[in-house]
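Novice: need a structure here:
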Amino acid sequence: MDLRRLRFIVRVSDESSFTRAAQSLNVSQPTLSQQVRDLERELGVELFHRGSRRVETTQAGRLVVQHARIVLGAVEALKEAVVEHRGLKRGSLHIGVTQTFNALYLPPILTAFASDYPTIDLEVSELANAEIVDGIISGTLHLGVGIPQDAELEHIEPLYRDQLMFVCHSSHRLARARTVAIREIAEESLALLGERFRTRTAVDSYLEGQGVAPRRVLVFNTFAGILQTVSRGGHSTIMPADVSRGAGANDLRFVPLDPAPIERVVCLLSPVVGLRSPASIEMARRIRSRFAAPYEGTD
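Specialist: As a prediction, this is how the structure comes out:
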């Protein structure tokens with residue numbers, strides 16, 4: 001099976017367009033279409049439904065594209081392993097991380113790595129947890145840091161705990177409280193992340209478990225947007241306590257909730273051993289050493 005054809009179908013699936021895929025691959029559209037048709041004949045299935053406005057990946061196509069990503073990831077890992085074996089310092093590393101980790105922990109780690117390995121191309125994607133897990137599974141990410149659900153991945157290493165807290169402006173009615181009773185949330189206008197983010201899932205689960213709903217919800221796709229809104233007063237939020245260490249939190253108060261939400265565990269997520277590149281192994285070592293204190297799991 002031709003690896004070139006596998007790259008072609010992955011790009012068509014990502015772009016949902018033969019025209020855009022051909023442009024990004026720097027090949028003619030007739031060549032791309034013919035290669036895809038040849039692969040469809042070889043496999044005996046239709047990979048794409050060719051509509052007048054959009055190309056849709058079929059159910060069989062999604063299965064093939066998923067495995068194609070794994071194969072292509074393995075090929076890239078093989079190339080980088082050979083490069084490392086030959087003593088050359090070049091390659092690439094794509095990391096998927098949560099917003100909090102990207103803002104608070106990754107910059108010094110990434111800067112040091114880039115200085116030590118100046119010929120390795122680095123790409124960091126700030127993603128929702130589910131997208132990080134999908135990227136590790138599909139091979140589009142070499143390494144991830146996030147909060148996986150049970151049994152999503154086999155190679156998970158706990159790094160540190162994450163605690164949700166109530167956050168408000170210093171002028172808010174609850175700013176001086178030692179704890180915020182859960183019943184108080186019913187009077188609040190909460191600025192929260194969208195539902196595709198696992199932090200939002202954790203907040204919703206906590207509130208539903210306590211039988212409380214906020215008076216109003218404003219939805220954002222970044223913590224930065226939430227912090228700016230809350231800092232202007234009139235709205236509050238529930239977010240990870242670690243955010244208090246970042247920029248933009250000076251006029252905000254982080255107050256424990258009562259009862260306290262269940263702690264979450266932020267983890268280092270790695271692909272299977274055969275798909276790990278030398279660059280990802282070294283970056284994983286550096287991230288691991290940043291949180292070198294022994295992790296204490298919950299009972």
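Novice: Please make it C-alpha for all contacts and neighbour counts, starting now.
Specialist: Fine.
Novice: What ranges does the stretch 51-200 of the chain have for its helices?
Specialist: For the stretch 51-200 of the chain, applying DSSP state H, counting those that start in this stretch gives helices covering 59-85, 99-104, 106-116, 129-138, 198-210.
Novice: which residues of the stretch 101-250 of the chain score low on pLDDT?
Specialist: 150-152, 246-249 (pLDDT under 70).
Novice: Tell me where it has strands.
Specialist: For the stretch 101-250 of the chain, strands defined by DSSP state E, counting those that start in this stretch occupy the ranges 120-126, 143-146, 156-162, 164-169, 180-181, 189-193, 216-220, 237-240.
Novice: Those strands: which one's closest to Leu25?
Specialist: strand 120-126 (19.5 Å; C-alpha to C-alpha).
Novice: List the buried residues for the closest one?
Specialist: Ile120, Leu122, Val124, Ser125, Glu126 (16 or more other C-alpha atoms under 10 Å).
Novice: pretty sure the last one is touching Gly96, no?
Specialist: Yes - here Glu126 lies in contact with Gly96, judged by C-alpha atoms under 8 Å, at a distance of 5.9 Å.
Novice: how much space between Glu187 and Pro214?
Specialist: From Glu187 across to Pro214, the span is 6 Å (C-alpha to C-alpha, to the nearest Å).
Novice: and the residue nearest to Phe18 when sequence neighbours are not counted, how many residues sit next to it?
Specialist: Leaving aside its sequence neighbours, Phe18 sits nearest to Val12 (C-alpha to C-alpha, 6 or more residues apart in numbering; 5.7 Å). By the criterion of other C-alpha atoms under 10 Å, Val12 has 25 neighbours.
Novice: who's in contact with Val12?
Specialist: Contacts for Val12 (C-alpha atoms under 8 Å, 6 or more residues apart in numbering) come out as Phe18, Arg20, Ala21, Val55.
Novice: Make CSV out of the residues you listed and add secondary structure.
Specialist: Listed next are the contacts of Val12 as CSV, based on DSSP: H, G, I helix; E, B strand; the rest coil:
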residue, secondary structure
Phe18, helix
Arg20, helix
Ala21, helix
Val55, strand
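Novice: As JSON lines, these with pLDDT, neighbour count and distance to Glu80 would be great.
Specialist: JSON lines is the format used below for the contacts of Val12 (pLDDT from 0 to 100; neighbours: other C-alpha atoms under 10 Å; distance: C-alpha to C-alpha, whole Å):
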{"residue": "Phe18", "pLDDT": "92", "neighbour count": "23", "distance to Glu80": "30"}
{"residue": "Arg20", "pLDDT": "91", "neighbour count": "15", "distance to Glu80": "29"}
{"residue": "Ala21", "pLDDT": "91", "neighbour count": "22", "distance to Glu80": "26"}
{"residue": "Val55", "pLDDT": "92", "neighbour count": "16", "distance to Glu80": "33"}
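Novice: For Val145, state which of those residues is nearest.
Specialist: Ala21 (29.6 Å).
Novice: measure that closest one to Arg11 for me?
Specialist: Relative to Arg11, Ala21 is positioned 6 Å away (C-alpha to C-alpha).
Novice: How about Gln29?
Specialist: Applying C-alpha to C-alpha, the value for Gln29 to Arg11 is 12 Å.
Novice: again, but for Asn102
Specialist: 27 Å.
Novice: now Leu207
Specialist: The gap separating Leu207 from Arg11 is 41 Å, by C-alpha to C-alpha.
Novice: And Arg41, by the same measure?
Specialist: 19 Å.
Novice: likewise Leu252?
Specialist: 44 Å.
Novice: cool, and Glu184?
Specialist: Using C-alpha to C-alpha, Glu184 is found at 49 Å from Arg11.
Novice: just Ala224 next, same as before
Specialist: Going from Ala224 to Arg11 by C-alpha to C-alpha gives 32 Å.
Novice: cool, and Glu123?
Specialist: Here the criterion is C-alpha to C-alpha. By it, Glu123 lies 19 Å from Arg11.
Novice: List the contacts of Gly233.
Specialist: Applying C-alpha under 8 Å, 6+ apart, we find Gly233 in contact with Cys168, His169, Ser171, His172.
Novice: again, but for His67
Specialist: Residues near His67 by C-alpha under 8 Å, 6+ apart: Ser138.
Novice: Could I get the pLDDT score of the closest residue to Val243 other than its chain neighbours?
Specialist: Spatial nearest neighbour of Val243, excluding adjacent residues (C-alpha to C-alpha, 6+ apart): Thr100 at 6.4 Å. Per-residue pLDDT puts Thr100 at 86.
Novice: again, but for Glu296
Specialist: Glu296 is given a pLDDT of 45.
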